[in-house]
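Participant: pasting the sequence and the predicted model now:
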Amino acid sequence: MRILHTSDWHLGRQFHGLSLDEDHDHILVQILAVIDDERPDVVIIAGDVFDRANPPQSAITRLSQFLTTVRAASDAAIVIIAGNHDSAAQIGAMGVLADGGAAIVRGPLDEDERPLVVSDAHGPVAISALPFAFEYAARLCFDDDGIGCPADVIRAQLASARKHVAEGMRWVVVAHAFVDGAATSESERPLTRMVGGIETVSAAAFEGAHYVALGHLHRPQPVGLDHIRYSGAPLAFGFDEEGQQKSVSLIDLAADGTVTVTEVPLRPLRQVRTIRGKLLELLAAAEVSNDIVRVVLTDDTPQIDPMKRIRAVYPNAVQLAYERNERPVELRLEEQRAAIDDPQTLSSAFLEFIRGEPLSDAEGQIVASALQSFATMEEEA
């Protein structure tokens, strides 16, 4: 059986304020071409279809058009789960778009995790689609107050799913999780709402599955074993992903359950890259480019209106820094994780990510006032 595994599209996302609509269109056309060329039996989208719970209508339309095209041009079964960026209810409602063929579209949790069963010449394959859910929702669904972390949620889902996988069946699990040992990127949101909570899941939790199609992390990579795999995001969403070859994963599942993995490369409409040097040298050597650019100036002194001058040749320059102020990626990532404990810092970091500028002094005062009001309410309660 041939499976196309993709995830983390983040439709509707912006890159430091820049729309990625055209970039997504460019990539989705390529994924459709892979489906047309490779004729997979199953197409899996392993969560984070959208970038936020309330995506723009343009993002919903893109998914609708994609699924409609797949249905018209292919007999592939469709498997979609909600990720941590998605609205579970909205993804669940998307099931109507996959009508007309084999499909399983899972948004909300279900205490009875029944698989989609697809057969090939070698027999049936059970596909368990396990949507992402936070701990509190899983406690209610599985009536288990002991669920306290993402690993517990996955274990409860897998325990329910295993009941419906008959002996001798090949088993594919689709999940949205952070598996221990995988490499992260800056643009991924934590999977637990508990400060200091453990968000990783052991690869051993998936014992018995012949292939595990994972979503959440943006780097294409196996974790522990070749059959436990992230397809990665099809676009770069942060400068730490510069130079990564984005792809979809093509999985050939043999009669005995062994897998062969082929990464099919995708070509972005615009590269995400960093340019470095003195301002005048960069301007003199540059040709106009639509790439999404981060500029690191090596000038010893601050330059006059550098971003405006850079954008004359790099109209999609979104970030500027001086080399003397640069911090290692690892330190920036650690600071971002630590910011979760400080709502004021987190608010500023969120705005800087969305629009390219942190909280202004006036905005900071508004946030501080609101946080103080919440603290007062909690004390009174």
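Facilitator: Here it is on my side, so go on.
Participant: use CA for all of it now, contacts and neighbours both
Facilitator: Will do.
Participant: now do the strands in the stretch 1-150 of the chain.
Facilitator: 2-6, 14-15, 18-19, 42-45, 77-81, 103-106, 116-120, 123-130 (DSSP state E, counting those that start in this stretch).
Participant: if you could redo that for the stretch 201-350 of the chain, that was the one I meant.
Facilitator: Ranges of strands within the stretch 201-350 of the chain are 211-215, 221-223, 225-230, 247-253, 259-265, 272-277, 292-297, 317-322, based on DSSP E, counting those that start in this stretch.
Participant: if we can go back for a sec, and His164, which of the strands of the stretch 1-150 of the chain is closest to it?
Facilitator: Closest approach to His164 among those is made by strand 123-130 (8.4 Å; C-alpha to C-alpha).
Participant: strand partners of the closest one, parallel vs antiparallel please.
Facilitator: Strand 123-130 pairs in its sheet with strand 116-120 (antiparallel), strand 170-176 (parallel), by DSSP bridges.
Participant: same list (those strands) but as TSV, adding mean pLDDT and mean neighbour count.
Facilitator: Output for the strands paired with strand 123-130, formatted as TSV (pLDDT from 0 to 100; neighbours: other C-alpha atoms under 10 Å):
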stretch	mean pLDDT	mean neighbour count
strand 116-120	95	16
strand 170-176	97	25
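Participant: out of those strands, nearest to His85?
Facilitator: Of all the strands paired with strand 123-130, strand 170-176 comes closest under C-alpha to C-alpha, at 10.5 Å.
Participant: contacting residues around that closest one?
Facilitator: Applying C-alpha atoms under 8 Å, 6 or more residues apart in numbering, the contact partners of strand 170-176 are 44, 46-47, 81-84, 124-132, 165, 206, 208-216, 256-257.
Participant: just the buried members of those residues?
Facilitator: Among the contacts of strand 170-176, those scoring as buried are 44, 46-47, 81-84, 124-132, 165, 206, 209-216, 257 (criterion: 16 or more other C-alpha atoms under 10 Å).
Participant: between the strands paired with strand 123-130, which one is closest to Val201.
Facilitator: Nearest of those (C-alpha to C-alpha): strand 170-176, 10.4 Å.
Participant: list the contacts of the next helix or strand after that closest one.
Facilitator: Helices and strands here follow DSSP states H and E; after strand 170-176, the next one along the chain is strand 178-179. Contacting residues not belonging to strand 178-179 are listed as 191, 199-203, 216-217, 223 [C-alpha under 8 Å, 6+ apart].
Participant: same thing but at 6 Å, please
Facilitator: Strand 178-179 has contacts (C-alpha atoms under 6 Å, 6 or more residues apart in numbering) with 200-202.
Participant: cool, stretch 182-202 as well?
Facilitator: Looking at what lies outside stretch 182-202 - C-alpha under 6 Å, 6+ apart - the contacts are 150-151, 178-180, 217, 223, 238.
Participant: endpoint to endpoint, that stretch covers what distance?
Facilitator: One end of stretch 182-202 sits 10 Å from the other (C-alpha to C-alpha, to the nearest Å).
Participant: residue contacts, Pro40?
Facilitator: Counting by C-alpha under 6 Å, 6+ apart, Pro40 makes contact with 2-3.
Participant: tell me how this structure divides into domains.
Facilitator: Split into domains by automatic domain parsing, the chain comes to 2-265, 272-380.
Participant: what's the least confident stretch among those?
Facilitator: Here the lowest mean pLDDT among these goes to domain 272-380, at a mean of 81.
Participant: where do the helices sit along the stretch 1-150 of the chain?
Facilitator: With DSSP state H, counting those that start in this stretch applied, the stretch 1-150 of the chain shows helices at 21-38, 57-73, 88-93, 135-142, 150-162, listed in chain order.
Participant: deepest in the core, which of those is it.
Facilitator: Highest mean neighbour count among the helices of the stretch 1-150 of the chain (mean count of other C-alpha atoms under 10 Å): helix 150-162, with a mean of 20.
Participant: could you give the angle of that one to strand 170-176?
Facilitator: Angular relation of helix 150-162 and strand 170-176 on a 0 to 180 degree scale: 150 degrees, by axes from the mean of the first three to the mean of the last three C-alpha atoms, to 10 degrees.
Participant: for Pro315, see how far away Ser187 is.
Facilitator: In this view, Ser187 and Pro315 are 23 Å apart by C-alpha to C-alpha.
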